[in-house]
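Peer 1: just to be clear, the model below is a prediction. Sequence and coordinates:
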Amino acid sequence: MLQIMDNPHNSNYYFILYQKGLALADTNNYEDAIDCFDKAIKHKPDFFDAWCSRAYLEKEEGDWEISLQNYNKALEIDPSSAEIWFERAELISFMEGDDEYKQTKEDLIAAYDDLIKNCVPDDCYYPMAIYLRSGELYLIGKYEESLESYNLVLKVDPNNENAWEGKGDVLKKLGRFNESELCYEVKNKILKETEEQCVMLLRKLGRYDLIASDWQTLIEKQISPLPKIHFSTTDIDHNQIIYVLAKIALAIGLQVHIGKQEQSTGKWNGESFRDLSLPNLPIDKPLTEWERGKIQQIDIIWFESENPVYAFEVEKSTPITTRIDRFMELLSVFPNIAKKIGIIIPAKRLSKMNKILKYSRYIGHPLYMENKLMYSFSDRIAKMYQDLSSEKTLELEKVLQVVSSYFVSPLL
């Protein structure tokens, strides 16, 4: 069997290489996976799936310019894939505003236009692309075009409360205040209808005891354990990531400790971090003053009783080395937390993070943090949250597996 698989003259050799690349990618061995995709493409230059997979891994690696070239090549081969047009647009959104790549908001809007042209109206990417384009047009001051775009969203998805709110914001900028207020009223009406649907569902379930409860609480705690949240497509806020991580932990029965600084001033979605967090670390082991001081500054730690389950630092302005120092103190007390400590960064900061890690004292003997530290991107955490918030029930073990799948080890 191995001889057949390794035989370049096998007519399916390109597909065997591709499957091997997928298996390597599943184990985060991106370099060897990309090499397999390259070899598959060499044997079959029009192999659409190999070009797409290569582009995706290059994006994950932070090699965005090469990734864009690969997406372009894939779409030359098959321009009918709305999913790949969307991934290409997502990539350009990472590159937009980064001095290294020179992609502009106009380039991003053009990418959404390409996606829209290659979608059919009943494709899930179609209203999403129009909605995202509407917001980008608003941000560069093209209010009339943004209004037209929001109208198109609402033609396809008339119950999109976020689009009604966006349209209201545009109309306000255009000085059309009465129309703007009407849009906000429609948004509130849609939310009110959500309340009524919630009550109807409770009646169907026979949960009459809950009907008189606050409807927003019902939506969050009874129908879906997680509140629906809108994420920016360009800059996801540091506090928003901490908030969603806290909400996920609380929904699966864990406790959270949010960093002391964030507890004192942080809030999101109208909720204070002080109300979401344990006031003090629940750790029962003896800690030195230095250890406690460092650990309690970690942005957010999930606890099951006094044992940490996950710890996260959300990189924004504090140096990455400072964040790793905090993790080191947690590891000294709980060595089993290795690979459950994660730094979350904007995607465009990956190259800088890798440079810091590559030349820092944490890599190699004696600390080997490259084997203990994980990282993810802000937009991936947003996607993870959105996926979980669509679930009616959340189970601890399954959610922990999902979280692990969204983090990868540094490739140095």
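Peer 2: Ah, there it is.

Peer 1: touching, Leu139 and Lys105? I think so.
Peer 2: Yes: using C-beta atoms under 8 Å, Leu139 is in contact with Lys105, at 6.5 Å. C-beta coordinates here come from the backbone N, C-alpha and C atoms, glycine included.

Peer 1: among those two, which residue is more densely surrounded?
Peer 2: Lys105 (17 against 14; other C-beta atoms under 10 Å).

Peer 1: tell me the contacts of the more buried one?
Peer 2: 96-97, 136, 139-140 (C-beta atoms under 8 Å, 6 or more residues apart in numbering).

Peer 1: one more: Leu278?
Peer 2: By C-beta under 8 Å, 6+ apart, the contact set of Leu278 is 255-257, 303.

Peer 1: excluding chain neighbours, what is closest to Ala25?
Peer 2: Ala33 (4.1 Å; C-beta to C-beta, 6 or more residues apart in numbering).

Peer 1: quick one: what helix or strand has that neighbour in it?
Peer 2: Using DSSP states H and E, Ala33 sits in helix 30-43.

Peer 1: just Met374 next, same as before
Peer 2: Assigned by DSSP H and E, Met374 belongs to strand 373-377.

Peer 1: before we move on, the earlier item: what distance separates whichever helix or strand comes after the helix holding Ala33 from the middle of the whole chain?
Peer 2: Per DSSP H and E, the first helix or strand lying C-terminal to helix 30-43 is helix 48-61. Mean-position distance between helix 48-61 and its chain equals 18 Å (C-alpha atoms, centre = their mean, to the nearest Å).

Peer 1: then stretch 300-307?
Peer 2: So, by C-alpha atoms, centre = their mean, the centroid of stretch 300-307 is 23 Å from its chain's centroid.

Peer 1: still on that earlier bit, of the contacts of Leu278, closest to Leu152?
Peer 2: Using C-beta to C-beta, the shortest approach to Leu152 within the contacts of Leu278 belongs to Val256, at 40.6 Å.

Peer 1: quick one: secondary structure of that closest one?
Peer 2: strand (DSSP: H, G, I helix; E, B strand; the rest coil).

Peer 1: assumed Glu391 was part of a helix.
Peer 2: No: assessed with three-state DSSP, Glu391 is coil; it does not lie in a helix.

Peer 1: count of neighbours near it?
Peer 2: By the criterion of other C-beta under 10 Å, Glu391 has 15 neighbours.

Peer 1: next: Glu144.
Peer 2: 10.

Peer 1: one more: the one 4 residues further on?
Peer 2: By other C-beta under 10 Å, 13 other residues sit near Glu148.

Peer 1: quick one: it from Asp235, how far?
Peer 2: Between Glu148 and Asp235 the computed distance is 25 Å (C-beta to C-beta, to the nearest Å).
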